[in-house]
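Chemist: Okay, here's the prediction I keep looking at, along with the sequence it came from:
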Amino acid sequence: MNRDTLIRKLQNNKSLQWDIIVIGGGATGLGVAVDAVTRGFKTLLLEQADFTKGTSSRSTKLVHGGVRYLAQGDILLVTEALHERGLMLKNAPHLTVNQEFVIPVYTLWDVILYTIGLKFYDLLAGKLSMGKSYFIKKAETANRLPLLKSDGLKGGIVYHDGQFDDSRMGITLAKSCVENGGTVLNYFRVNSLLKGENSKVTGVLARDMESGTEYQIHGKLVINASGIFADEIHRMDEPSSRPTIRPSQGVHVVLDDSFLQSKSAIMIPKTDDGRVLFAIPWYGKVVVGTTDTPLETITLEPKALDEEVDFILATAGKYLTRPPGKEDILCIFAGLRPLAANHDNSQTTKEVSRRHKITLFPSGLLSIIGGKWTSYRRMAEETIDKAIKAGILENKKCVTRTLSFYNNNNAVLKSERLKIYGSKAAEIEKLIDDKPFLGQLIDKRLPYTRAEIVWICRNEMPRTLEDILARRTRSLFLNTRASVAASVEVADLMAEELGFDKTWKEEQIKEYNKLTSNYL
Ligand SMILES: Cc1cc2nc3c(=O)[nH]c(=O)nc-3n(C[C@H](O)[C@H](O)[C@H](O)COP(=O)(O)OP(=O)(O)OC[C@H]3O[C@@H](n4cnc5c(N)ncnc54)[C@H](O)[C@@H]3O)c2cc1C
């Protein structure tokens, strides 16, 4: 996956007509690109920033049906997502884990309600169940969650869901697309749509954000998978188009494991203001969230509101024996949900369904909005099927149900942590064997070695320091301050591998420092 080589494919084939041009390199666009290319379509994906820079690196990291959506009665959504959860765990076992959750219960009514609810959740998962739910007594709850306050506790309901690394899943999809013959380009922004006879969309005008070069690119089908930016693309198609996205911000804080000290996650099904709060172990830290705040401003770099952080800390403090304070926060991250909603404002964003919407516009532009990370594969399948049914593409079968991604769970690794690189982990171990100094950590508070940075530069198309620290590794999210400390060393390694000079390094370090103020 080399950006220059992929761009040359565009330059050398100016008259080439792609079957499919996908706008947006988040979960939705990457899923669509993998579906398309593995069916045998000539596929190009353009992402204006880095892959998963938007919402898709800022999720709660759950591969789940959504217990909350069950409570809202959205059974179809939950059933579909539970099926997809099972497929993702099978196809990307190196990036997903079976996570145990405990719901603390304080009244007999809650014991009955959540026991029945979660039995139903198990039932909906069918053959792809990840383990049965069951009630545990107070003593056992305290055993599994030693730092949970026990006043008034009746016990806990245990259930299972999946957990994953969202941006590494995204980069894995990008690599899979390229390996199957597709082209994916980061830092390539679509600025307008090309139109032909009868105002039909025939392609896109896109700019390489690094060189400034513009490209007219032609395709049979243009798919808008630009998440919260979907309405911008709709307006390129039809300036008077009505808004279809209702953005809602969700914030998480990351804390040290000493606040949870458990392999089990906590799920609080109903906070004081009717939201759900999770505290989930992730790469040796605890991710706590989330919020649901309707916002009007759309940006690639959303910022948590003070009241959102206060709410998370206060709610966590009600349940944990050691209440976390602002000084304990390792990272705060915010993401915008691209909710597909009517604009009559009759529902709060909490109530808006997480279902996706696929729309074929009269111009031939196909748009996919909303949905969940968990359902990315099914959303992609439905999107391409829709184009086939409309006669835009020839009929070719979807193969992604059994498409597995670089997994090699049987490999014996010296470091279990390298499992996240699947079958490629051995290449990183070899780098360390050849040059032992590459085995050193980039910062003692982070789990990543220099060898991973070198390997990522050679294989995963990072262009900026942020690409490596935020999404190829999760340094920014796990410990923002430690990632700043590591930035000089990582910039050195990157510059050496990718041929960047001293000025590039200095600018990158400055830019990265500026960015991190959003996360602290
Ligand atoms: C707080 C929060 C928690 C969540 N937790 C979960 C969870 O635990 N599990 C789950 O299943 N789902 C979860 N979700 C939902 C899930 O994260 C989203 O549904 C999903 O990531 C959306 O992906 P997307 O590709 O549609 O959007 P994005 O990831 O935002 O991708 C769209 C991309 O399009 C690009 N783009 C926009 N305009 C252009 C242009 N003109 N040219 C080129 N590129 C362009 C953007 O740069 C962006 O990268 C959560 C969402 C939030 C906000």
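Modeler: Structure's in. What do you need?

Chemist: Count residues in the vicinity of residue 197, would you?
Modeler: Neighbourhood size, residue 197 [other C-beta atoms under 10 Å]: 6. Yep, even glycine has a C-beta here, placed from its N, CA and C like the rest.

Chemist: how near is the closest residue to residue 169 other than its chain neighbours to residue 281?
Modeler: Nearest residue to residue 169 in three dimensions, chain neighbours excluded: residue 95, at 5.2 Å (C-beta to C-beta, 6 or more residues apart in numbering). Using C-beta to C-beta, to the nearest Å, residue 95 is found at 16 Å from residue 281.

Chemist: more crowded one of those two?
Modeler: Neighbours were counted for residue 95 and for residue 281 using other C-beta under 10 Å; residue 95 has more, 25 against 20.

Chemist: which residues does residue 252 form a beta bridge with?
Modeler: residue 289, residue 333 (DSSP bridges).

Chemist: Show the model's pLDDT score for it.
Modeler: In this model, residue 252 is scored at 98, pLDDT.

Chemist: wait, doesn't it sit right on residue 329?
Modeler: No: when contacts are counted by C-beta atoms under 8 Å, residue 252 is not listed as touching residue 329 (10.3 Å).

Chemist: More neighbours: the two, which one.
Modeler: The neighbour comparison of residue 252 against residue 329 (other C-beta under 10 Å) goes to residue 252, with 26 against 19.

Chemist: Contact partners for that one?
Modeler: 58, 60, 287-290, 312, 332-334 (C-beta atoms under 8 Å, 6 or more residues apart in numbering).

Chemist: pLDDT at the residue nearest to residue 169, what is it?
Modeler: Value for residue 95, per-residue pLDDT: 94.

Chemist: check contacts around it.
Modeler: 164-165, 168-169, 172, 405, 420, 422.

Chemist: Then residue 140?
Modeler: 155-156.

Chemist: The ligand versus that one, what's the distance?
Modeler: Distance, residue 140 to the ligand, by C-beta to the nearest ligand atom, to the nearest Å: 27 Å.

Chemist: which SSE is that residue in?
Modeler: Following DSSP states H and E, one finds residue 140 within helix 138-144.

Chemist: can you dump the C-alpha coordinates of the helix or strand that comes right after that helix into CSV?
Modeler: Counting by DSSP H and E, the element after helix 138-144 in chain order, helix or strand, is strand 155-164. Extracted as CSV, the C-alpha positions of strand 155-164 are listed here (Å, rounded to 0.1, in the frame of the first residue of the first chain):
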residue,chain,number,x,y,z
GLY,A,155,-26.0,-8.4,42.2
GLY,A,156,-25.1,-8.2,38.6
ILE,A,157,-26.2,-9.5,35.2
VAL,A,158,-23.4,-10.8,33.1
TYR,A,159,-23.5,-10.7,29.3
HIS,A,160,-21.1,-10.8,26.4
ASP,A,161,-20.5,-8.5,23.4
GLY,A,162,-17.6,-7.9,21.1
GLN,A,163,-14.9,-5.2,21.4
PHE,A,164,-12.5,-4.1,18.7
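
Chemist: Which positions in this protein make contact with the ligand?
Modeler: With C-beta under 6 Å from any ligand atom as the criterion, the chain comes near the ligand at residues 23-29, 46-49, 52-56, 58-62, 64, 189-190, 225-229, 250, 290, 300, 335-338, 371-374.

Chemist: Let's see which of those residues end up in strands.
Modeler: 23, 46, 62, 189-190, 250, 335-338 (DSSP state E).

Chemist: Which member of those residues is positioned nearest residue 89?
Modeler: Among these, residue 62 lies closest to residue 89 (C-beta to C-beta), at 11.9 Å.

Chemist: Report how many residues lie close to the closest one.
Modeler: 25.

Chemist: Then residue 293?
Modeler: 21.

Chemist: Contact partners for the residue nearest to it when sequence neighbours are not counted?
Modeler: Distances taken as C-beta to C-beta, 6+ apart put residue 249 closest to residue 293, at 4.4 Å, once the chain neighbours are dropped. Residues near residue 249 by C-beta under 8 Å, 6+ apart: 291-295, 302, 304-305, 308, 334-337.

Chemist: one more time with 7 Å
Modeler: Listed by C-beta atoms under 7 Å, 6 or more residues apart in numbering, the contact partners of residue 249 are 291, 293, 295, 302, 334, 336.

Chemist: same deal with residue 366?
Modeler: Contacts of residue 366 (C-beta under 7 Å, 6+ apart): 221, 223-224, 360, 383, 386-387.

Chemist: Looking at those residues, which one is closest to residue 481?
Modeler: residue 224 (37.8 Å).

Chemist: so who does that closest one touch?
Modeler: 23, 230, 233, 365-367.

Chemist: neighbour-wise, which of those leads?
Modeler: residue 23 (29 neighbours).

Chemist: Distance check, it against residue 7.
Modeler: On the measure of C-beta to C-beta, residue 23 and residue 7 end up 17 Å apart.

Chemist: Ok, residue 69 next?
Modeler: From residue 69 to residue 7 the distance is 41 Å (C-beta to C-beta).

Chemist: Please apply the same query to residue 138.
Modeler: Residue 138 is 61 Å from residue 7, by C-beta to C-beta.

Chemist: Please say which of these two ends up with more neighbours.
Modeler: residue 7 (18 against 15).

Chemist: Pull out the buried residues from the host helix or strand of that one.
Modeler: Counting by DSSP H and E, the element that carries residue 7 is helix 3-12. Of the residues in helix 3-12, 3, 6-7, 10 count as buried by neighbour count, 16 or more other C-beta atoms under 10 Å.

Chemist: Name the residues that touch that helix?
Modeler: By C-beta under 7 Å, 6+ apart, helix 3-12 touches 183, 185, 208, 215, 217, 461.

Chemist: Try it again at 8 Å.
Modeler: Under C-beta under 8 Å, 6+ apart, the answer for helix 3-12 is 44, 178, 183-186, 208, 215, 217, 461, 463.

Chemist: and the two most separated of the residues you listed?
Modeler: Using C-beta to C-beta, the pair of those lying farthest apart is 217 and 463, separated by 19.9 Å.

Chemist: These two: who's more crowded?
Modeler: residue 217 (23 against 18).

Chemist: mind checking the SS state of the more buried one?
Modeler: strand (DSSP: H, G, I helix; E, B strand; the rest coil).

Chemist: right, and it touches residue 208 too?
Modeler: No: contact between residue 217 and residue 208 fails when scored by C-beta under 8 Å: they sit 11.3 Å apart.

Chemist: sorry, back to before: for the contacts of residue 252, which PyMOL command selects only the ones that are buried?
Modeler: Typed into PyMOL, the line below selects the buried ones among the contacts of residue 252, using 16+ other C-beta under 10 Å:
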select buried, resi 58+60+287+288+289+290+312+332+333+334
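
Chemist: Could I get the contacts of residue 252 in TSV, plus columns for pLDDT?
Modeler: Below are these laid out as TSV (pLDDT from 0 to 100):
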residue	pLDDT
58	98
60	97
287	98
288	98
289	95
290	93
312	97
332	98
333	98
334	98
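
Chemist: of the contacts of residue 252, closest to the ligand?
Modeler: residue 60 (3.3 Å; C-beta to the nearest ligand atom).
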